[in-house]
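# how would this look folded up:
(chains A, B, C and D)
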Number of protein chains: 2
Amino acid sequence: MDKNDLIFTQIQPLLNYFTELIPLNAEEQHLVIELFKPRLYRKRQYALQEGDICNQFNFVVRGCLRMYKVDDKGNTHILQFASENWWISNIGSFHERKPSGLNIDALEDTMVLQISHENLLALYTQAPKFDRIFRVLIENNFVSLQKRLLQNISSTAEERYLSFLENYSHLSNRLPQTQIASFLGITPEFLSRLRNKQAKNS
Amino acid sequence: MDKNDLIFTQIQPLLNYFTELIPLNAEEQHLVIELFKPRLYRKRQYALQEGDICNQFNFVVRGCLRMYKVDDKGNTHILQFASENWWISNIGSFHERKPSGLNIDALEDTMVLQISHENLLALYTQAPKFDRIFRVLIENNFVSLQKRLLQNISSTAEERYLSFLENYSHLSNRLPQTQIASFLGITPEFLSRLRNKQAKNS
DNA sequence: AACTGCATCAAGAAATAGTATTGATGTAGT
DNA sequence: ACTACATCAATACTATTTCTTGATGCAGTT
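Coordinates of the predicted model:
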């Protein structure tokens, strides 16, 4: 398999993703192939480090990334997981071109397709359809974020955990409990007890 | 401890390093503090990836980095380790602004102080003393490289290993044998046998 | 032809690092 | 006092990384 085949195989999920939102013509597909670059992040590797400007918009082909904030006490709080077919990037830092307060790193070896800020602007110019595609995509992200926030302010840890199981069933046995706990905003110990309780009740 | 104290603590070893070569006045110290940025590389993280242009000159505060070449067969050959108070960067790529054929990555979580190409030029302009400091520093690197080359073409693996033990005693029990073997240019298995032999002879 | 200095491959053992569980104890808010 | 969590410490478990060993091979001396 030569290099082009390889890139093509990896880019297929992204083309599918776009096409499901809005069908692309050949030229648009070609732009995507040209402007998105495949990149491998190895487990624990940063895709974005606090203080740097986020310059890439990432689509996960396989693996899993997380975006998180480290607070003054050194605790990490996970804002988002991104596994297959999800987008991740610090949108604020990306668009306003200012240093990120958040980190993104890899929980598994992760292949992404990424487009740089510059190339994304070029993409919008050359194929205005992507304005709409990215609007929709960001709306989706926004909605799921809003949902999480709402849940956070209105539910107990147990409820949040159950909802996590529903919404992220593919991740619940794939990620370490530490990460899930940090996503739910509880300690790993408490999550362990919650899981125990669940097991007993079933 | 606030953020400034933190940066100051980290930058001290670098100021010491320079001062031992040539004393710096307050203004020069200030430039160093301003132009060198602390940065953490986590174990396995790349500081420079083949194909990218090396844009940073790195001083290791703690931890250990390695610079290596991956050959056509996929074997890696380590050119240099850099632990505390050592410099590392692909000087060729850095100065000629062309893609690196070498990789740099972290063998341990590593804190570096790094200066970008742009800022280093600014430093030379604003404080010409650094021309001399960096000349000396690069000379030191050059000499140790030459020594290694000479040894490589003139010694058996066992001799090279013994010399490694002398010159890098602080690393010999800190790095995995795989890495040391790759530095010596032998297989880990053969290094294992050499070590065995040593142990018996003493 | 035998010997030396290495390599390669495969399998298993040993060491280390990462993750999960549990108990004891504490605290803020109802 | 009770609920919903946190913190700390110890232990257990699992996975990953690293090391060792044996078998085999080969190229370049002696």
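
# quick one: the strands in chain A, in order.
Applying DSSP state E to chain A gives strands spanning A:37-41, A:46-48, A:56-62, A:65-70, A:76-82, A:87-88, A:103-106, A:110-116.

# for chain A, what lies in contact range of DNA strand D?
A:75, A:156, A:157, A:158, A:185, A:186, A:187, A:189, A:190 (Cβ under 7 Å from any atom of the strand). Every residue, glycine included, has its C-beta placed from N, CA and C.

# ramachandran angles for the first one?
With angles defined as degrees, to the nearest 10, residue A:75 sits at phi -80, psi 140.

# circling back to that earlier point, a markdown table for the strands of chain A, including mean neighbour count?
Output for those, formatted as a markdown table (neighbours: other Cβ atoms under 10 Å in any protein chain shown):
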| stretch | mean neighbour count |
| --- | --- |
| strand A:37-41 | 16 |
| strand A:46-48 | 21 |
| strand A:56-62 | 22 |
| strand A:65-70 | 19 |
| strand A:76-82 | 18 |
| strand A:87-88 | 22 |
| strand A:103-106 | 22 |
| strand A:110-116 | 22 |
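
# of all the ones you listed, which lies closest to chain B?
Comparing the strands of chain A against chain B with Cβ to the nearest Cβ, the closest turns out to be strand A:46-48 (6.6 Å).

# mind checking how far residue A:16 is from residue B:98?
Remark: distance between residue A:16 and residue B:98 (Cβ to Cβ, to the nearest Å) = 37 Å.

# ok, now which ones touch residue A:181?
Contact analysis of residue A:181 by Cβ atoms under 8 Å, 6 or more residues apart in numbering or on different chains lists A:187, A:188, A:190, A:191.

# quick one: buried ones out of the residues you listed?
Buried members of the contacts of residue A:181, counted by 16 or more other Cβ atoms under 10 Å in any protein chain shown: residue A:191.

# tell me which residues of the longest helix anywhere in chain A are tucked away?
In chain A, taking DSSP state H as the definition, the longest helix is helix A:129-154. By 16+ other Cβ under 10 Å, the buried positions in helix A:129-154 come out as A:129, A:130, A:133, A:134, A:137, A:141, A:148.

# now the angle between strand A:56-62 and it, please.
80 degrees (axes from the mean of the first three to the mean of the last three Cα atoms, to 10 degrees).

# near chain B, which residues of chain A?
Counting by Cβ under 8 Å from any Cβ of the partner chain, the residues of chain A lying close to chain B are A:42, A:43, A:44, A:45, A:46, A:49.

# burial count for the residue lying closest to the third one once chain neighbours are set aside?
If I follow you right, that is residue A:44. Residue nearest to residue A:44 in three dimensions, not counting chain neighbours: residue B:42, with 5.5 Å by Cβ to Cβ, 6 or more residues apart in numbering or on different chains. Using other Cβ atoms under 10 Å in any protein chain shown, residue B:42 has 16 neighbouring residues.

# which residues are in contact with residue B:42?
Residue B:42 is in contact with A:44, A:45, A:46, B:106, B:109, B:110, counting by Cβ under 8 Å, 6+ apart.

# how is chain A divided into domains?
Residue ranges for the domains of chain A, per automatic domain parsing: A:3-152, A:155-202.

# near residue A:96, how many residues? Count them for me, please.
A count of nearby residues for residue A:96, using other Cβ under 10 Å, gives 11.

# same deal with residue A:55?
Neighbourhood size, residue A:55 [other Cβ under 10 Å]: 18.

# count the neighbours of residue A:102 for me.
Using other Cβ under 10 Å, residue A:102 is surrounded by 19 other residues.

# tell me the residue of chain A that sits nearest DNA strand C?
In chain A, the residue that lies nearest DNA strand C is residue A:177 (3.2 Å; Cβ to the nearest atom of the strand).

# so that residue touches residue A:192, yeah?
Yes - using Cβ atoms under 8 Å, residue A:177 is in contact with residue A:192, at 6.6 Å.

# find me the pLDDT at residue A:79, would you?
In this model, residue A:79 is scored at 91, pLDDT.

# how about the nearest residue to it once chain neighbours are set aside, what does it touch?
In space, and not counting its chain neighbours, residue A:79 is closest to residue A:67: 4.9 Å by Cβ to Cβ, 6+ apart. Applying Cβ under 8 Å, 6+ apart to residue A:67 gives the contacts A:48, A:78, A:79, A:80, A:82, A:88, A:90, A:102, A:103, A:104.
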